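Undergrad: sequence and predicted structure are below.
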Amino acid sequence: MPGTIRCKLITPEAALLDDDVNYASVPAWDGLMGVQHGGAPLVAKLGIGELRFDFPDSHDAKGGSHSYFIEDGFLRFADNELTLLASNAIPVENLNETDCAAELQEAEARVVPGDAGDKLAQMDQITAARNRARTKLGLAKKFKGKGI
């Protein structure tokens, strides 16, 4: 389809998407970036956040957006094809606000044990778990009742 890019979202468990999109908003490890038709080739590391795809209108249906919570992995964009290899990707409609709040509460309660061998590595893991849980909860609240 003219003006679109082919987009593939793949996790270790499944291929979640293989479709044409107008635009992709991608959380890279160092900030949010946009990808659209005609963009320069690139390879980037993924971060934690909302991955949003904007779909074109078709003769069958009106276009729209669909979002995923993603974390870690890599992306490659070349020749108007975007491939995202994510460690984890969850459609936002599958995020439950209550579960996400409980995950955040558990992550915030974690502390580095006094006898930990590598306290810095332990703190990094705790910080990552807190960031992950905060992001998931924010997305669950944002999309609550929206109906996708």
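TA: Sure, I can see it.
Undergrad: quick one: the strands in the chain?
TA: With DSSP state E as the criterion, the chain has strands at 5-10, 15-21, 23-28, 31-36, 42-45, 48-54, 65-78, 81-91.
Undergrad: can you put those in a markdown table and add distance to Lys141 and mean neighbour count?
TA: No exception for glycine: its C-beta is placed from N, CA and C like everyone else's. Formatted as a markdown table, those follow (distance: least, C-beta to C-beta, whole Å; neighbours: other C-beta atoms under 10 Å):
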| stretch | distance to Lys141 | mean neighbour count |
| --- | --- | --- |
| strand 5-10 | 23 | 19 |
| strand 15-21 | 22 | 16 |
| strand 23-28 | 17 | 19 |
| strand 31-36 | 19 | 14 |
| strand 42-45 | 27 | 13 |
| strand 48-54 | 12 | 20 |
| strand 65-78 | 12 | 19 |
| strand 81-91 | 15 | 17 |
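Undergrad: which stretch among these comes nearest Ala140?
TA: Set against Ala140 and scored by C-beta to C-beta, the strands of the chain come closest in strand 65-78, at 8.7 Å.
Undergrad: by contact count, what packs against the closest one?
TA: When contacts are defined as 3 or more C-beta pairs under 8 Å, 6 or more residues apart in numbering; DSSP states H and E, strand 65-78 sits against strand 5-10, strand 23-28, strand 42-45, strand 48-54, strand 81-91, helix 119-143.
Undergrad: and that strand, how far out from the chain middle?
TA: Relative to its chain's centre, strand 65-78 lies at 5 Å (C-alpha atoms, centre = their mean, to the nearest Å).
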